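Asks: Structure here, sequence nowhere to be found:
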DNA sequence: CTGAAAGCGCTTACAG
DNA sequence: CTGAAAGCGCTTACAG
């Protein structure tokens, strides 16, 4: 490995000058800098980031902690983050914790040892107690879901308002008996979407009775099981609002398998707006989040914080991006529908 | 930040002893070691990996380079890799290059600076020339797709044999005019699947004419466009073999939209066996790769290499895992089908 | 079993 | 503008 010493020797300068030429573009003569740079290139010099970090420099590395890599929501989010990281010359490291808080904490411990500059945290089902401690002192932006107790910037959408949007669409179509396919019980965003469903129903004078709620977990499997369960209920359901698209996809399959037609017999609305939702059969009407922008915005917020002078008095920021109802082919008006 | 010096002072020993107690479990008395360990915990000591790496130790970090995070194939692969990394106490870093070789090279350069111990490389469409150079000297295992010129271990499936499996299934059902939905032209695995399709047809006495081939790119969008294109051809096609599941999903949508029924009017076979393929409508018959095991096996191979004494004479290994035909509901026998 | 010292590759005041 | 020196936090022969 070629080091600053090699470059210094070949250039006939000290290692301090090499370092300055490489980093601090100000306090070195143009001629010297050019020569050093040229020789560094000729020699195939690559700075050792470990040494750099040890000597106190930023590592220009941020980490993204993902709770669930299987949900197509996250790849789209990653793209948004990646775009910004690339633009600003930062390396993006991703760690996957499968919604396991201990794994997330372990990742955080290791990332701290590596002296990452900042962290983008998608909270998932994490209660956050251990995570809050493990991320202490590292600039952090939380994505999509709020972590109780974490005093960090947050970028998210208004899940509750989004859910109302979806349910109001169904109400406007004439549906009254609108079931709700939940996400995992301990995920905050899932809870908020649940409240949105409830509020929209109540506002329309419909009682959100327990027989309208069926438990899911944000996966196709969970949505499928929920669909099978719904079919056994004599609830007169004509529409289902699903807490996320992946669950809706599983639900669609259960309904279709049972011989029901969507949207002729039952209407279905999803949440997230993943790319895939445009390819289901029928194409899924859904409450779309600006997923890419969510990632982009969070990354920008983090990198701006890192670039700014450390301002201890600055309040944590919350950015709420808008959702949008994407009407496709899985919803139809009630008079034209039969009941489940 | 508490350092070895703090621990040493509190324990009344030298930093050398602290280091030994922390790492080398042999050359320190049990009593001393226990005391040091206890004090390190009390003080909340966390070793600085930058310093460790600088001093010559392994970083216990491996990186996974992904060409396409949107394809659900990759999340399942990541899970396999992650499992092994966790078991063996390594941090897994993921980098996404969106099939852009320059980005992959940039990642490789940065990862080298960070002194990752080894690399898992999913090659994607990368021609590999620059990548080969950028990964030189770092233990590397290539996943899924061969990189011409890279003298590294390879874990993959026999794409050609897998494709034959899928096409033979259709031939066995009585289909003759079997179209092929390609992947990106420069992806090796896509090319090999294409050859499998061709071979199976030829072996059955069917000529693989150009009007049977339609171009895709492994995405839903590509599959959809290909489906629209196929519909305009007077080729008498009764079945389509798709180079991957995601493409098949887009194809399904184009066919369905045009009023065709799958499998009654057209049979469709995919490739990959992503979880999602069990949730399409109809459920997709596909040539399944052991995706999770692919990731697991590659990670094990890499970590075994890292653990072993550096053996310069050791030949690069190639591990070929079996594919399996997963018959679901998107294929039916030809006599019962009409033509496109 | 344990300590003093050198060294990993860099950056950054401090002088000049 | 430039160099000599100290220091970042660790590990590892080398002595004892």
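Replies: Alright, I've got the coordinates. For clarity, every value in this text was computed on a predicted model and none was experimentally measured.

Asks: For residue A:133, grab the count of nearby residues.
Replies: By the other C-beta atoms under 10 Å in any protein chain shown criterion, the neighbourhood of residue A:133 contains 11 residues. From N, CA and C alone the C-beta is placed, and that goes for glycine too.

Asks: Likewise for residue A:205?
Replies: Counted with other C-beta under 10 Å, residue A:205 comes out at 8.

Asks: Then residue A:92?
Replies: Counted with other C-beta under 10 Å, residues neighbouring residue A:92 total 23.

Asks: Shouldn't it be within a helix?
Replies: No - the assignment for residue A:92, made by DSSP: H, G, I helix; E, B strand; the rest coil, is strand rather than a helix.

Asks: nearest residue to residue A:83 other than its sequence neighbours?
Replies: Closest residue to residue A:83 in three dimensions, ignoring its sequence neighbours and counting by C-beta to C-beta, 6 or more residues apart in numbering or on different chains: residue A:296, at 6.0 Å.

Asks: My read is that the one you found contacts residue A:82, right?
Replies: No - judged on C-beta atoms under 8 Å, residue A:296 makes no contact with residue A:82 at a distance of 9.2 Å.

Asks: quick one: residue A:72 and residue A:49, what's the gap?
Replies: Applying C-beta to C-beta, to the nearest Å, the value for residue A:72 to residue A:49 is 33 Å.

Asks: How about the contacts made by the residue of the stretch 101-250 of chain A found nearest DNA strand D?
Replies: When distances are taken as C-beta to the nearest atom of the strand, the stretch 101-250 of chain A approaches DNA strand D most closely through residue A:113, which lies 8.5 Å from it. Residue A:113 makes contact with B:46, B:47, B:48, B:49, B:50, according to C-beta atoms under 8 Å, 6 or more residues apart in numbering or on different chains.

Asks: and if you look at residue A:241?
Replies: Residues near residue A:241 by C-beta under 8 Å, 6+ apart: A:163, A:166, A:167, A:170, A:178, A:179, A:180, A:181, A:197, A:269, A:271.

Asks: burial count for the closest residue to the first one other than its chain neighbours?
Replies: Put plainly, it is residue A:163. Of all residues not flanking residue A:163 in the chain, residue A:196 sits nearest, at 2.6 Å (C-beta to C-beta, 6+ apart). Summarising burial for residue A:196: neighbours were counted as other C-beta under 10 Å, giving 26.

Asks: Tell me the secondary structure of residue A:196, please.
Replies: With three-state DSSP as the criterion, residue A:196 reads helix.

Asks: these two touch, right, it and residue A:178?
Replies: No - applying C-beta under 8 Å, one finds residue A:196 not in contact with residue A:178, separated by 11.9 Å.

Asks: tell me, what's touching those two both at once?
Replies: With C-beta under 8 Å, 6+ apart as the test, residue A:196 and residue A:178 both reach residue A:167.

Asks: Contact partners for residue A:166?
Replies: For residue A:166, the contact set (C-beta under 8 Å, 6+ apart) comprises A:196, A:197, A:241, A:269, A:270, A:271, A:286, A:287, A:325.

Asks: Can you say which helix or strand has it in it?
Replies: Residue A:166 belongs to helix A:159-172 when assigned by DSSP states H and E.

Asks: go on, residue A:190?
Replies: In this structure, residue A:190 sits in helix A:188-203 according to DSSP H and E.

Asks: Next, the buried residues of that helix.
Replies: Neighbour-count burial for helix A:188-203 flags A:188-194, A:196-201 (criterion: 16 or more other C-beta atoms under 10 Å in any protein chain shown).

Asks: and these, which two are the farthest apart?
Replies: The widest separation within the buried residues of helix A:188-203, taken as C-beta to C-beta, falls between A:188 and A:201 and amounts to 20.7 Å.

Asks: Next, the contact list for the closest residue in space to residue A:70 that isn't next to it in sequence, please.
Replies: The shortest distance from residue A:70 to any non-neighbouring residue, by C-beta to C-beta, 6+ apart, is to residue B:75 (4.9 Å). Under the criterion of C-beta under 8 Å, 6+ apart, the contact list for residue B:75 reads A:69, A:70, A:75, B:69.

Asks: does any part of the lowest-mean-pLDDT helix or strand in chain A sit near chain B?
Replies: Least confident helix or strand of chain A, by mean pLDDT, DSSP states H and E, is helix A:129-134 with a mean of 84. No - with C-beta under 8 Å from any C-beta of the partner chain as the threshold, helix A:129-134 lies outside contact range of chain B, at a closest distance of 10.5 Å.

Asks: how far does that helix sit from the chain's center?
Replies: Between the mean C-alpha point of helix A:129-134 and the mean C-alpha point of its chain there is a distance of 19 Å (C-alpha atoms, centre = their mean, to the nearest Å).
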